[in-house]
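Participant: Fold the following, please.
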Amino acid sequence: MTDNHQSGEKYDIGLKEALSITLGALKQVPPVTLPVEEACGRVAAEDLFATVDCPSAASSLRDGYAVISKEVEGASDARPVRLRVAGTSAAGDARDRAVEPGVAIKVLTGARLPAGADAVVSVEYAREEDGHVLCYRNAPAGRNVLFQGTDVASGERVAAKGEILTPGLTGLLAAGGVHRVPVVPMPRVGVVATGDEVVAPGRVLKSGQLYASNLVTLYSWLRHFRMEGKTAVVRDHPDTIREAFSAMLSWADVLLTSGGAWKSERDLTVRVLEEMGGRVMFHRVRIGPGKAVAFGMIEEKAVFCLPGGPPSNEMAFLQIALPGLLQMGGRSPHPFQMKQVRLAETVRGDIDWTQFLHAALEKRDGGEWWVAPQQLKSRLQSQARADALIRVPEGVRAIEAGERVEVQVLTPL
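Facilitator: Below is the predicted model:
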């Protein structure tokens, strides 16, 4: 590793240090307040408390008859208890009703429990005749009753700060009277692909050109993690690149660039970042693929300059940029499931860096998971079909077939 002491830029650093610098530099996006029905999938920006009881009054869980439990003790098929029916109550009925000794009130599911009643005899254990009901089962106190505040009580914490709001939690918040929710939004991300040979999808492709597949892959990862993004494809010219950077940063919290991150005279992204007053915090990380990645800041905006080769581009994003983006959204910077599996064949690394290999998982007889590096006809094919990444740590030359290895799982198993 080398340091540029004048600028503070670090070159050729390890993955752990690069990730530490990234996470240390990026701040959480300021919270916003959303309607509760739009908060699902977001992170709670603070502890969230119910403001009302749910239910707001004791209610019936079943169609049946609200009774005084002591009056139906011992009720059976042979010895039913006979009570006078003093009306019917349905959910939403605002009339105040009361049960007196010798009386039952017919209730439908969700109806308020009448005053004096403490249980409901289910309709299948009762028969109505001549204004009375015959109860064939007992109903201990609380039977078929949902008491006030059972689902959620006023003042109860429904969601903790930093918790991801699931559909169930948003429903519980609504039940508890919460209709506006402060959440941490995911960062907005601009993606700029550079290169005279790179063409935006849908444009006419000339000989020697290629479509901006990196742009699509990166944007798709952003959408996968519920981030809003914008994209642009620009030519290899400093002024054009600078204009694209400025336009994206006027909207985005973070800028991702694709291509032009190495050291030749045509690799302009890091140079333009510096010319715009950006502070480059590191450039080149000891990972393969993905070594040419750079990270910097323009005022409060983060910029990740990613390599142009498709495997390098995606790997630098997944291992360095994505953790930073997730942390900005209040989430764990480690989104992928880590799984111990058996290695199907020997894999080799480089003692000088951390090597990642696109791999395929397979569940074999006996239920054990195995992993093998993808060896398809092209790097794009291997990348596209991978459902896991094998990591060979820096300093390790090889991991032998049959050994257990921890992999990052990219797709649901």
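
Participant: any chance you could map the helices in the stretch 51-200 of the chain?
Facilitator: Remark: helices assigned in the stretch 51-200 of the chain by DSSP state H, counting those that start in this stretch are 167-175.

Participant: Strands along that one, start to end?
Facilitator: Assigned by DSSP state E, counting those that start in this stretch, the stretch 51-200 of the chain shows strands spanning 59-60, 64-67, 81-89, 103-107, 119-122, 126-129, 132-135, 145-146, 157-159, 180-184, 189-194, 198-199.

Participant: helices or strands up against the fourth one?
Facilitator: For strand 103-107, the packing partners by 3 or more C-beta pairs under 8 Å, 6 or more residues apart in numbering; DSSP states H and E come out as strand 64-67, strand 81-89, strand 132-135. For the C-beta atoms, the positions are set from N, CA and C on the backbone; glycine is no exception.

Participant: partners of the last one, with directions?
Facilitator: Just to be clear, that refers to strand 132-135. strand 81-89 (antiparallel), strand 126-129 (antiparallel) (DSSP bridges).

Participant: pLDDT of that strand, averaged?
Facilitator: Mean per-residue pLDDT for strand 132-135: 97.

Participant: sorry, back to before: what's the closest of the helices and strands packed on strand 103-107 to E394?
Facilitator: E394 lies closest, by C-beta to C-beta, to one member of the helices and strands packed on strand 103-107: strand 64-67, at 68.6 Å.

Participant: and for that closest one, what are the contacting residues?
Facilitator: Identification of contacts with strand 64-67 by C-beta atoms under 8 Å, 6 or more residues apart in numbering yields 60, 83, 85, 89, 99, 104-107, 113-114, 117, 119-123, 125-126, 133, 135, 139, 144.

Participant: Which residues are in contact with H334?
Facilitator: Contacts for H334 were tallied using C-beta under 8 Å, 6+ apart; they are P323.

Participant: Might you list the low-confidence residue ranges for the stretch 251-400 of the chain?
Facilitator: Scanning the stretch 251-400 of the chain for pLDDT under 70 picks out 263-266.

Participant: Do a quick rundown of the strands in it.
Facilitator: 254-258, 279-285, 287-288, 294-298, 301-306, 337-343, 347-348, 354-363, 369-373, 388-392, 398-399.

Participant: filter the contacts of strand 64-67 to the buried ones?
Facilitator: The neighbour count (16 or more other C-beta atoms under 10 Å) marks 60, 83, 85, 89, 99, 104-107, 113-114, 117, 119-123, 125-126, 133, 135, 139, 144 as buried among the contacts of strand 64-67.

Participant: Do I have it right that D12 meets V293?
Facilitator: No: taking contacts as C-beta atoms under 8 Å, D12 lies outside contact range of V293: 11.3 Å.

Participant: Give the residues shared as contacts by these two.
Facilitator: In contact with both D12 and V293: 284-285, using C-beta under 8 Å, 6+ apart.

Participant: Stretch 42-53: end-to-end distance?
Facilitator: Length of stretch 42-53, first residue to last, C-alpha to C-alpha, to the nearest Å: 24 Å.

Participant: Give me the nearest residue to A302, chain neighbours excluded.
Facilitator: Leaving aside its sequence neighbours, A302 sits nearest to V254 (C-beta to C-beta, 6 or more residues apart in numbering; 4.6 Å).

Participant: From L205, how far off is that neighbour?
Facilitator: Using C-beta to C-beta, to the nearest Å, V254 is found at 29 Å from L205.

Participant: out of these two, which sits in the busier spot?
Facilitator: V254 (24 against 11; other C-beta atoms under 10 Å).

Participant: can I assume that one is in contact with R188?
Facilitator: Yes: using C-beta under 8 Å, V254 makes contact with R188 at a distance of 7.5 Å.
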